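> My questions concern the predicted model and sequence given below.
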Amino acid sequence: MPLAALLLVNVAAGFALSLAAARELRASPRAVFALQSFAALCLHEALVAAPAAFYLLARHTDWMLGYAVAGARLPSALLLVAAVGVGLAAVGGFALGARWMRDHRPRQAVLAAGGCALAALAGLALLRARAGVVGTTAQFRGGFGLVPFWSSRASTAVLLVVMVQGGALAWLAWAVRARLTPEAANSRAEAALR
């Protein structure tokens, strides 16, 4: 199911950002939720990931749910809760990754991020009969009117989401890592002393 794959990819993104924020996580005694990198991730999830997930869920509900449930029967509030859950998955991945960074076990975060991403890809590959066609649940169960994924509007939306979210995550990881280098910390400390 594409929703489960999206959820796993967001957990992997949380682990990856914890790797990028390793210096801040190790240097600061504050709680994880009080760190700048945590706030930046929450902002990213609220402004980029959750709206993208909600759009895909609202526009291509049956396909995102793997034709397990007819999307017309689900209230839009439930789709909103699912989109928020996708965002919270990344926050949870970051929190767990932060614990590993503070325990000086970055390899676990790398393995967890890779494992989540691999599980998402493997799940989509195993369920390609469901993920490879777009339509309604009735069309899927009846075997009529389905459109191949790459010929559908869902492919355009998914590619746009992947490009925007991937670019935003890459920029976020770069910004978190660049802001927290020793040189940047020293220059901020010198500026504060003036």
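Structure received.

> alpha carbons only for contacts and neighbour counts from here, please
Will do.

> quick one: low-confidence ranges for this protein?
Counting by pLDDT under 70, the chain shows low-confidence ranges at 1, 180-194.

> What are the boundaries of the strands in this protein?
Secondary structure of the chain (DSSP state E): strands at 133-134, 147-148.

> Out of these, which is the most enclosed?
strand 133-134 (a mean of 23; mean count of other CA atoms under 10 Å).

> Show me what it pairs with in its sheet, parallel or antiparallel.
strand 147-148 (antiparallel) (DSSP bridges).

> Give me the contacts around the partner strand.
Around strand 147-148, the neighbours that count as contacts under CA atoms under 8 Å, 6 or more residues apart in numbering are 132-135.

> Return the residues in contact with the residue nearest to the spatial centre of the chain.
Taking CA atoms, centre = their mean, the centroid of the chain lies closest to N10, which sits 2.1 Å from it. By CA under 8 Å, 6+ apart, the contact set of N10 is 86-87, 89-90, 93.

> just P2 next, same as before
For P2, counting by CA under 8 Å, 6+ apart, the contacting residues are 63-66, 124, 131.

> For A122, see how far away it is.
As judged by CA to CA, to the nearest Å, P2 and A122 stand 11 Å apart.

> wait, what's in contact with the closest residue to T61 other than its chain neighbours?
Sequence neighbours aside, G71 is the residue nearest to T61 in space, at 5.2 Å (criterion: CA to CA, 6 or more residues apart in numbering). Going by CA under 8 Å, 6+ apart, G71 touches 61-62, 65, 136-137.

> Kindly report the same for W100.
Applying CA under 8 Å, 6+ apart to W100 gives the contacts 106, 108-109.

> Mind giving me the ChimeraX select for those residues, buried ones only?
Here is the ChimeraX command that selects the buried residues among the contacts of W100 (16 or more other CA atoms under 10 Å):
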select :106,109
